[in-house]
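**Q** Just to be clear, the model below is a prediction. Sequence and coordinates:
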Amino acid sequence: MKLARKEISKVKPYTPGKPIEEVKREMGLKEVIKLASNENALPPAPAARRAAKKALLTINRYPDGGCFYLKKALAGHLRVRPENIIVGNGSDEIIILALRAFLKRGEEVIIARPTFLIYELASQIAGARIKFAPLKDFRYDIPRMARLISGKTRLIFIANPDNPTGTYVTKKEIDFLVSRAPKNTIIYFDEAYFEFAKNIKNFPDTMKYIKNKNIIITRSFSKIYSLAGLRVGYGIAKSEIIECLNRVREPFNVNSVAQAAAQASLNDRRYIEKTIKFVEKAKSFLYKELDSLGLKYIPSVTNFVLINTGRDSKKVYRKLLKRGIIIREMSPWKLTNFIRVTVGTMKENRKFIKALKEVL
Ligand SMILES: Cc1ncc(COP(=O)(O)O)c(C=O)c1O
């Protein structure tokens with residue numbers, strides 16, 4: 001449309017994993033499982049559910065725009081000050097805020113390819129010049145990204161662990177990248193799957209850069225905390241950066257139910273341990289079955305697995321859909337033979353493997 005901004009014309013809207021109800025309706029199925037959006041297959045922790053229920057009683061009021069209590073809890077949890085934290089309507093929102101606050105039209109961003117699609121989408125909308133660094137063996141090629149840095153580079157996006165590959169960038173690689181970034185470049189560490197990977201020996205501790213470097217770290221309540229439907233995530237950075245992000249966010253960006261549930265779930269270590277164990281067990285099962293099917297996959301440090309089906313993944317996707325199983329086919333990422341499957345409950349994983357055998 002002529003009235004739209006020039007930047008919008010090239011934007012392909014993000015296609016999320018199909019909702020369960022839509023597939024039930026379209027396929028006339030009673031039972032449908034979704035293994036498509038890297039959500040936690042377990043229900044949220046009881047404390048989070050109780051807090052959400054209680055918060056419903058006050059939804060006649062606007063939420064606390066400053067997320068005072070959630071930020072206080074996060075600050076304690078992360079050992080930083082509330083001034084170092086911003087809360088977002090999902091961590092996705094903070095990607096958009098970072099571009100809005102720091103990128104002037106025509107300035108550059110560096111993005112791996114393929115990786116989480118929102119970096120590209122949000123950068124296009126913001127009018128950025130995008131420099132892509134292809135992955136190497138399904139991992140971020142950090143030396144290549146470092147070589148792309150110029151005086152005009154405003155943001156470098158690093159998904160760590162990465163989606164859709166499930167691989168991660170090591171401590172040594174991050175130290176190298178940070179040492180190469182000029183002062184006017186912000187490195188954006190998207191750690192939506194952090195909790196799944198934090199115990200790996202050479203996984204980086206990006207928090208150590210908060211004080212002295214221009215970095216933003218984002219984490220999410222959508223994954224390990226199982227609150228994807230409420231949309232809540234957070235960013236951590238030096239207070240000057242957070243202040244800029246706050247200037248460009250909407251006043252009531254995070255709803256009150258999300259704030260309450262996030263706060264209640266934050267320190268539930270048992271729930272986190274339970275999820276980690278459950279995901280590891282489920283991945284071992286999937287790997288074993290995929291091995292016996294002779295299918296290649298990328299070993300993942302997250303709650304999803306990228307699988308090479310050795311054939312057109314769109315067809316595999318459609319056939320699985322008919323059997324009531326929603327996964328992601330990877331053509332939007334230009335990985336035409338690949339599917340990405342989120343770890344489900346053991347019942348769901350078995351159902352997926354059974355259907356996959358039939359389909360192949
Ligand atoms: C790498 C990555 N970052 C961010 C997000 C979005 O997280 P949130 O639900 O907090 O917006 C996702 C969701 O799939 C993701 O894979």
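**A** Received it, and whenever you're ready, just let me know what you need. Numbers count the residues shown, from 1 in each chain.
**Q** When you work out contacts or count neighbours from here on, use the C-alpha atoms and nothing else.
**A** Fine.
**Q** how about the nearest residue to residue 224, chain neighbours excluded?
**A** In space, and not counting its chain neighbours, residue 224 is closest to residue 40: 6.1 Å by CA to CA, 6 or more residues apart in numbering.
**Q** what residues are up against that neighbour?
**A** Contacts of residue 40 were listed using CA atoms under 8 Å, 6 or more residues apart in numbering, and they are 222, 223, 224, 225, 226, 275, 303, 343, 344.
**Q** And residue 312, by the same measure?
**A** Contacts for residue 312 (CA under 8 Å, 6+ apart) come out as 336, 337, 338.
**Q** The same query, at a cut-off of 10 Å, please.
**A** By CA atoms under 10 Å, 6 or more residues apart in numbering, residue 312 lies in contact with 329, 330, 331, 335, 336, 337, 338, 339.
**Q** what does residue 352 give?
**A** 33-35, 286, 320, 323-327, 341, 344, 346, 358.
**Q** Quick one: name whatever helix or strand follows the helix or strand of the chain with the lowest mean pLDDT.
**A** Least confident helix or strand, the chain: helix 20-27 with a mean of 88, by mean pLDDT, DSSP states H and E. Counting by DSSP states H and E, the element after helix 20-27 in chain order, helix or strand, is strand 33-34.
**Q** Report how many residues lie close to residue 135.
**A** 17 (other CA atoms under 10 Å).
**Q** and what of residue 86?
**A** 26.
**Q** That one belongs to a helix?
**A** No: assigned with DSSP: H, G, I helix; E, B strand; the rest coil, residue 86 falls outside any helix and is strand.
**Q** which one is it nearest to, not counting chain neighbours?
**A** Counting by CA to CA, 6+ apart, the nearest residue to residue 86 once its immediate chain neighbours are dropped is residue 235, at 5.1 Å.
**Q** Helix, strand or coil: sort out the one you found for me.
**A** Going by three-state DSSP: residue 235 is strand.
**Q** any idea how far it is from residue 146?
**A** Distance, residue 235 to residue 146, by CA to CA, to the nearest Å: 23 Å.
**Q** same check, this time on residue 326
**A** Using CA to CA, we find residue 326 at a distance of 37 Å from residue 146.
**Q** The two: which has the busier surroundings?
**A** residue 326 (26 against 18).
**Q** For the more buried one, which non-adjacent residue is spatially closest?
**A** Residue 326 sits nearest to residue 34 (CA to CA, 6+ apart), 4.7 Å away.
**Q** and that neighbour, how far is that from the ligand?
**A** 14 Å (CA to the nearest ligand atom, to the nearest Å).
**Q** now residue 202
**A** 19 Å.
**Q** ok, now residue 352?
**A** Using CA to the nearest ligand atom, we find residue 352 at a distance of 20 Å from the ligand.
**Q** Go over the secondary structure and confirm that residue is in a helix.
**A** Yes: counting by three-state DSSP, one finds residue 352 located in a helix.
**Q** what pLDDT does it get?
**A** Residue 352 carries a pLDDT value of 98.
**Q** Now that we have the contacts of residue 352, which of them are buried?
**A** Buried residues within the contacts of residue 352, counting neighbours by 16 or more other CA atoms under 10 Å: 33-35, 286, 320, 323-327, 341, 344, 346.
**Q** Name all residues that make contact with the residue of the stretch 101-250 of the chain found nearest the ligand.
**A** With CA to the nearest ligand atom, the shortest gap between the stretch 101-250 of the chain and the ligand falls at residue 220, namely 4.1 Å. Neighbour list for residue 220: 87-92, 190-195, 226-228, 231-235, 262 [criterion: CA under 10 Å, 6+ apart].
**Q** run the last query once more with 8 Å
**A** Shown in contact with residue 220 (CA under 8 Å, 6+ apart): 90, 91, 191, 192, 193, 232, 233, 234.
**Q** residues touching the residue lying closest to it once chain neighbours are set aside, list them.
**A** Counting by CA to CA, 6+ apart, residue 220 lies nearest to residue 233, which is 4.1 Å off, once chain neighbours are set aside. Going by CA under 8 Å, 6+ apart, residue 233 touches 87, 88, 89, 90, 91, 92, 218, 219, 220, 221, 222.
**Q** Give me the neighbour count for the closest residue to the fourth one other than its chain neighbours.
**A** Nearest non-adjacent residue to residue 90, counting by CA to CA, 6+ apart: residue 232, 3.9 Å away. Here the count is done by other CA under 10 Å, and residue 232 has 26 residues near it.
**Q** Please tell me I have it right and residue 232 contacts residue 261.
**A** No: between residue 232 and residue 261 there is no contact, the gap being 9.5 Å when judged by CA atoms under 8 Å.
**Q** contacting residues for the residue nearest to residue 90?
**A** 87, 88, 89, 90, 91, 220, 221, 222, 254, 258, 259, 262.
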